[in-house]
Structure formats: structure tokens, C-alpha cells
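**Student:** The following block contains a protein sequence and its predicted model.
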Amino acid sequence: MPYVRQTNHIERVRDLIAGRVVNPGADTARLASSYRRSLDDYRLDPASTTGPRILTGAELRAIQQSEENFLRSTGQCLPRLHAMVREAGYCVILANARGVTIDYAVDTDQRKDFKKAGLYPGSCWSEEEEGTCGIASVLLDQEAITVHKTDHFRAAFTGLTCSAAPIFSPHGDLIGVLDASALNSPDARDSQRLVKQLVRQGATLIEDGFFLTSYGHCCILLAHRNRHFVEVQPEMLLAIDEHGDIVAANRCARDVIGGLDALPRPVAEVLEVRAERLFDARTGHNLLSLRLAGGSTWLHARVRAPLRQASARVRIKNAAPVTQDAPACTPPDLAERTRIVNAMNAAKWRPLQAAAMLGVSRATLYRRIKQLHIVPPHRQ
């Protein structure tokens, strides 16, 4: 894989940090911040030309087993995205929330070249290990980005172009990254705009697949603002439990419909419809037109009946995530556990924000989460 001369790359890293780059791009601030961390916090060498760390087969299989529900939710998203970009020489990779590649799609005749570049299952792309790259940037900033050639911190990757987008759970916590990478691409950054958009769309499809898998025990409202797209590709998903409460909503629904930040919430408080009407529509094929409560916005929707029976275990998980072998808590521990879970839910399971709400350090929060056997809903 070609890469720029090491001395030239080091100078570019220094210039970007110092703000001496001519015509800086939209992501320059993100890149400069990442460069500083890579140099100052992680002591990485920008001149390094070695590839990323790759896990052993046993280590990778263990991680893939722990991510089984996530992997199952991707369906055909990876091969479909790869089919769109393969002619331009891209591979598609899926990383978990720690930056480990757990799945990928690549042409067989190019597999060896991509493996040599580190684009292979088991490769580790955290910023702490590899510095600035597409997956690491998304893991930290939780926004889509294209890290194009010399944007990469390490000289080893300056021939790559990577467009990556975050994948979120129904609770809003980051669970993975979808990335399309090429070994050779045009030098112009604008050439990557379409690929970045395709990756974003693919990430949204995986999110919705994970949503539907996670809430198979609920009645699902599949909605769109345009009635002609409800069945083809619904944009909003609402999970409604057996009591008529909305217990989860996908990102688009939270953006469009107010009042979904604090769930569960009775469906009648969000939509001008009684839950019974939605339950009765399970077996029907009629398209529903629903108005948002207190507004003039209309949604068009269909209802998907629960695919499995809601169990007591599922209800307990939704209320307060625990491991199956969690020991009984004392009243003080139970009170603290409830307080931590509430803070994590309010912070969308982002530990840094939750720690600030609780007035403790992140290390203390991690320790208490482990001691009290609290796990995020998507890990159960």
C-alpha cells in the first residue's frame, strides 16, 4: 500500500495542529484534536509504517459471540453496501464499540491486499492504538467522517481513504461503526462525499435492524411522513409494550416526534390515538394516518405485531439492566444501583456524562457499575 514520505507526513501533522494548513476542510478541528491526543496522550509515532494490531482467531471468535445480536441485526447491509462501492475498489467493515473489526465484505481477489493494509476481521482501530483514523474518530465524536489519505495520523495508513458512520442502540449509546475503505482513490476529498452518504444510510439500516431485533416482544409502529414510503422504507420506529406505553424509538422518531427523550410514555400522550386501536390493527392491512398529540403533523403507519411473547425477564431487563447471575442487593446498594441506571439512561449510556450527573469520577462509575452488575440493555 503506498504511503507518503515519513518526513513529509510528520510536517503535515505538525502544521495541522498549529493551524498552518491552507484551505482547511470541515473536519480539520476534529483531526487536529485527534492528532494532539495521539501525540501527547498516547505517545504514538506518526512516522510508523506498521499495520494495526490483529486479534488471534480465538480472541475474535469470543468477541463475535458477545456481539451475536448486533451481528445478526446487520442482515445483508454489509454485502449490499459493498455491491454499491466495490467497483471503485472499496471494502466494507463493521467494528464494535471498541474499534475491533467483527465483520467485513470484500472481493475475494482483493482480500490479501486489504489484509496487508489491516482491513481484516480482528483488526483494532482505537485511537489509543492507531491514532487518527475513520473508526477511531467516530468512536470518540459519534459523528460520521471521511478520513482521507494524509488525514490519517500514522504514515502506514496515508494511502487509505475511510468513510465511517456511527451505529446507535435504541437507547442512544454507540454500539458500532460502519466503514467503507479503499486502498487507492482520487486525491480530491470531494470524491468521497457519495461514499460517506452511502455509509450513513447503511448505518441507519443496521440501527433499525438492531431495533427490530431488540424489541421483537413489542408491537412496532412503522411510520413515515410520506404515505407512499411506509411499506417500502419506514423512517420512524416506535416500540409499544403490552401496556400501551412507548418504550423505545429510533433516531429519526426522536428527531421528529417531541417527548420521546423520557420513556416509557403512554402512546396517547404522543399520538392522537388509543393504544387499543393500534393493537387491533395488528392483523389488518389498512394504512393508519396518525396525528401527533397537540400538533398538526401527520404520520402514516403500519403496525407489526409482536414476534415473541414478552417475558418477565424481558420486562425486568427494560426496567433495570442486570446480569443473569447478579447477587441480591442490600437496600443501600439497590438505591445506588437505581440512581446509576437512571443517570445512565438520562445520559444515553454515555459514562462520561453520567459520571458528571452523579458527581463522581468516570473510574468510580465504572467500578460501581461492575460491582453492582449493571450492563447496558444492548449487551443483554
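**Tutor:** Sure, I can see it.

**Student:** Next, count neighbours for residue 190.
**Tutor:** 10 (other C-beta atoms under 10 Å). In short, each C-beta sits where N, CA and C put it, glycine included.

**Student:** now swap in residue 49 and tell me
**Tutor:** Count around residue 49 with other C-beta under 10 Å applied: 14.

**Student:** Residue 357 too?
**Tutor:** Quick note: residue 357 (other C-beta under 10 Å) scores 15 neighbours.

**Student:** State the pLDDT value of it.
**Tutor:** Here, the pLDDT recorded for residue 357 equals 80.

**Student:** just residue 323 next, same as before
**Tutor:** 44.

**Student:** Tell me which stretches of the stretch 151-300 of the chain form helices.
**Tutor:** In the stretch 151-300 of the chain, the helices defined using DSSP state H, counting those that start in this stretch lie at 193-214, 251-256, 275-280.

**Student:** so what secondary structure elements neighbour the longest one?
**Tutor:** Think helix 193-214. helix 68-73, helix 77-85, strand 90-96, strand 145-148, strand 161-168, strand 174-182, strand 236-240, helix 251-256 (3 or more C-beta pairs under 8 Å, 6 or more residues apart in numbering; DSSP states H and E).

**Student:** residues in contact with the second one?
**Tutor:** The set of residues external to helix 77-85 that reach it, using C-beta atoms under 8 Å, 6 or more residues apart in numbering, is 90-92, 94, 103-106, 178, 180, 195, 198-199, 202, 205-206, 209.

**Student:** Just the CA trace of it, in CSV.
**Tutor:** Taking C-alpha atoms only, helix 77-85 is exported to CSV below (Å, rounded to 0.1, in the frame of the first residue of the first chain):
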residue,chain,number,x,y,z
CYS,A,77,-26.4,-4.5,4.9
LEU,A,78,-22.7,-5.1,4.5
PRO,A,79,-22.8,-7.0,1.2
ARG,A,80,-25.4,-4.6,-0.2
LEU,A,81,-23.2,-1.6,0.6
HIS,A,82,-20.2,-3.4,-0.8
ALA,A,83,-22.1,-4.1,-4.0
MET,A,84,-22.5,-0.3,-4.4
VAL,A,85,-18.9,0.6,-3.9
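
**Student:** Go over the secondary structure and confirm residue 63 is in a helix.
**Tutor:** Yes. Under DSSP: H, G, I helix; E, B strand; the rest coil, residue 63 falls within a helix.
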